[in-house]
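>>> turn this into a model:
(2 chains)
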Amino acid sequence: MSRVTIDELTKVYDSPSGSIEAVDDLTLAIDDGEFVVFVGPSGCGKSTTLRCIAGLETVTDGTIEFGSEDVTDQKPKERDIAMVFQNYALYPHMTARKNMAFGLKMSTDLSEDEIEDRVEETAQMMGIEELLADKPKALSGGQQQRVALGRAIVRDPSVFLMDEPLSNLDAKLRAQMRTELQQLQHDLDVTTVYVTHDQTEAMTMGDRIVVLNDGELQQVGTPLECYHRPANRFVAGFLGSPPMNFLPVEADRDAGELSHPRFSLSLSDSVVADLDGTELVMGLRPEHGSLTTTPDAHPEPDRLVEATVTVTEPMGDVTNVYLDVGGESVTVTAGGHLGLTDGESVWLYVPEAKLHLFDAETGTAIKHSDEPIESTRVSEASRHAETV
Amino acid sequence: MTRTSSRVRSSVAEIEIGRYLPLYNRLSDEQQYAYKLLLPGLLMMLLIHFIPIVWGVLISVLGVDSGYVSQWYEAPFVWAENYRFVLDPRTVVGERFWYSLRQTVIFSVGTLLLTYVLGLTAALLLNQRFKGRFAARTLLLLPWVAPSVVTLLIWRMMLQQQSGIINSLLLSLGVISEPIYWLIGDNTIWTLVLVHSWTQFPLVMIMLYAGLQSIPEQLYEAASIDGAGRWEQFRYITFPQLKPVSAVVVLLMMLWTMINFTSPYILLGAQPPQSGQVSILYIYNFAFSNYQFGRGAAMSVVLFAIAMAMAMLYYKYLFDQDFTEGDR
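Residues are numbered from 1 along each chain as shown, chains lettered A, B, ... in the order given. This is a model prediction of the structure:
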């Protein structure tokens, strides 16, 4: 177990068409035993960073430390790490047992019996004792996944590295493995770096999320921090499904309002005081907007925006309503029993407290929603549940 | 596309094989169609492989000698007499034939080992990233693609005891103190192995190289994280992953070398030293210089049977389910 410190990491690939900066000046400290998720779109540098930590890629600039040891130039085998690959990379000619034993055989002085014991023990923990005699090709995708995880766990490494380990599983199994992996990491208490492009995995699994884009760090924080206090427009748009709605607006500081060709919304003085530019982007999470068909009866009629329903997506628990606001699309998550027909006129209520504002040019966040980001209530709730 | 293929299908279906072969009607439509598509290939095999084999077996039980060269079909039927004669170690012919079989084993096993080692080394080198890899690959293929008669004649000149460049090179380097007889005496079989391996290793190389390229890079990454060094990666990843292609290479090299005529004949000529008399060369010289076609055919059949038996044993024991199912 160890703390991982990444300092000004830069990785440049040379290609015939010029050099590509895959990771740009990334600085990050991962605490001992922490579960950190690197998330971002394809090509954002998350996998490259992971491979640098693993030692599979040479570092162009910067350092990587495990504990107080500089491992930047060490070979993978000197780093005491274990990695789970997207397509598992199980050794096809070895049985599951040999796959799991291989790392111990290569990197420790344990006797065959000791290795055997540890493999059995880990297999039991993973529930794969029955599969030990099989070769990978005889196993299903989910079983291969478990063997691959077992192969990493049996090593008892100081750092776990996982490169999209769940993306080859079907949706149901993925959801199940997600919880299981979390539980496992919690029990083993090993520093874990997990790479995914799936924002659901990022939100649900990590102690902290590291959002990357174009090789640059966008934000590091707890899932709720990143969700409710996004540092910029990219993070705001990347996390959440359906994603946050963005509408370009102009701020009128004198009048104290945001104006859009189709509507204007008044702002409270404290918010106006924080504005410096006039070109802004307004952000609203789909679950924070609400709809009404009777604007006159609404308590805050001046915060209503007229819209037309384009499509409704009933999901059972909720209904995603796609609206047209002056040619731009806005999504609102409404109740599951909502009865709206396509083309119907509705009014969207935009609560000021839940509004996000970003600088139109730089994308930097200016105002966040007031959603709490501490999970105290949740833990109290679970404590309560335990006592009951 | 579908229209064309269905037209092809229906015209193929019109061939009425069932009229001539009643068993054929018992096959399913799918199988009948498949056999029709195989027909041209099967006819070709019949013509150039099957008929000569049957003919050879036929002659091997007839007393065809110089008296019956033009009317072989009039030669008396002698049962297994030819076989008894050529396999009897007490006769000169039998003794030499057994000796030639031994030399054949040395020739094929020696060639197999040498080509495999050379081919694997070359394939591993080619699999590295370096400048001029393409040129190196082309260069390494040359011995195999160049016409073998030409390269073998050049080797023959280079290996001359007095005037050959090999001896003069080795002498001037001080590796040897006296010129070596490469093409005469007991060394001959080893010279044969060496030269034949040189002409054949590029084939092994290119097959193993293809095998190497199909090994997923991630296996090496996983292994390096698991703590395997370069040698262990070769030992535990590369070599086992090459097993299917190696199995094919071993079988082909063994069989092809056993029945190779060009290399010994061109390199050693019509009067080869006894050490260089591999079976195929001995059979040829014996049969055609003495007009002993019946006995020569018997020896050929023995060689053929050995090759067949080896191939079958090999299939049985080495191409186990692991191989046929594919290791990856």
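
>>> please name the residues that touch whatever residue of the stretch 201-350 of chain A ends up closest to chain B.
Residue of the stretch 201-350 of chain A nearest chain B, by C-beta to the nearest C-beta: residue A:201 (20.8 Å). C-beta here means a position set from N, CA and C on the backbone, and glycine is covered the same way. By C-beta atoms under 8 Å, 6 or more residues apart in numbering or on different chains, the residues touching residue A:201 are A:37, A:39, A:166, A:178, A:194.

>>> specify which member of those residues is nearest to residue B:255.
residue A:166 (48.6 Å; C-beta to C-beta).

>>> contact partners for the one residue in chain B that gets nearest to chain A?
Of all residues in chain B, residue B:227 sits closest to chain A, at 3.0 Å by C-beta to the nearest C-beta. Residues near residue B:227 by C-beta under 8 Å, 6+ apart: A:77, A:103, A:106-107.

>>> just give me the neighbour total for the residue nearest to it when sequence neighbours are not counted.
Take residue B:227 and drop its neighbours on the chain: the residue closest to it by C-beta to C-beta, 6 or more residues apart in numbering or on different chains is residue A:107, 3.0 Å away. Residue A:107 is flanked by 18 other residues according to other C-beta atoms under 10 Å in any protein chain shown.

>>> next, residue A:107: phi, psi?
With angles defined as degrees, to the nearest 10, residue A:107 sits at phi -110, psi 0.

>>> I'd say it and residue B:223 touch.
No - with contacts counted by C-beta atoms under 8 Å, residue A:107 stays clear of residue B:223, the gap being 10.8 Å.

>>> after the host helix or strand of the residue of the stretch 201-350 of chain A closest to chain B comes which helix or strand?
Element membership for residue A:201, per DSSP states H and E: helix A:199-205. Once the chain leaves helix A:199-205, the next helix or strand it forms, by DSSP H and E, is strand A:208-213.

>>> show me what that following strand is packed against.
strand A:35-39, helix A:46-54, helix A:199-205, strand A:216-221, helix A:223-228, helix A:233-238 (3 or more C-beta pairs under 8 Å, 6 or more residues apart in numbering or on different chains; DSSP states H and E).

>>> can I get those in JSON lines with mean pLDDT?
Written out in JSON lines, the entries for these read as follows (pLDDT from 0 to 100):
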{"stretch": "strand A:35-39", "mean pLDDT": "95"}
{"stretch": "helix A:46-54", "mean pLDDT": "95"}
{"stretch": "helix A:199-205", "mean pLDDT": "91"}
{"stretch": "strand A:216-221", "mean pLDDT": "94"}
{"stretch": "helix A:223-228", "mean pLDDT": "94"}
{"stretch": "helix A:233-238", "mean pLDDT": "95"}
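
>>> which among those is found nearest to residue A:348?
helix A:233-238 (18.4 Å).

>>> residues in contact with the closest one: which ones?
Under C-beta under 8 Å, 6+ apart, the answer for helix A:233-238 is A:39-41, A:199, A:211, A:213, A:218-219, A:226, A:230, A:243-244, A:246, A:281, A:283, A:356, A:358, A:363, A:365.

>>> state the helix or strand in which the residue sitting nearest the centre point of chain B lies.
Nearest residue to the geometric centre of chain B (C-alpha atoms, centre = their mean): residue B:256, 0.7 Å. Here residue B:256, judged by DSSP H and E, is contained in helix B:243-258.

>>> for the helix or strand just after that helix, name the packing helices and strands.
Note on helix B:243-258: by DSSP H and E, the next helix or strand toward the C-terminus is helix B:262-268. When contacts are defined as 3+ C-beta pairs under 8 Å, 6+ apart, helix B:262-268 sits against helix B:148-158, helix B:188-213, helix B:279-290.

>>> out of these, which one sits most buried?
helix B:188-213 (a mean of 21; mean count of other C-beta atoms under 10 Å in any protein chain shown).

>>> now do it against helix B:243-258, angle only.
Comparing the axes of helix B:188-213 and helix B:243-258 via axes from the mean of the first three to the mean of the last three C-alpha atoms, to 10 degrees yields an angle of 150 degrees.

>>> does helix B:188-213 reach chain A?
No - Helix B:188-213 stays clear of chain A (C-beta under 8 Å from any C-beta of the partner chain), getting no nearer than 13.0 Å.

>>> quick check: next helix or strand after that helix?
Counting by DSSP H and E, what follows helix B:188-213 is helix B:217-225.

>>> tell me the angle of that following helix relative to helix A:46-54?
Angle of helix B:217-225 versus helix A:46-54, following the same axes, to 10 degrees, is 30 degrees.
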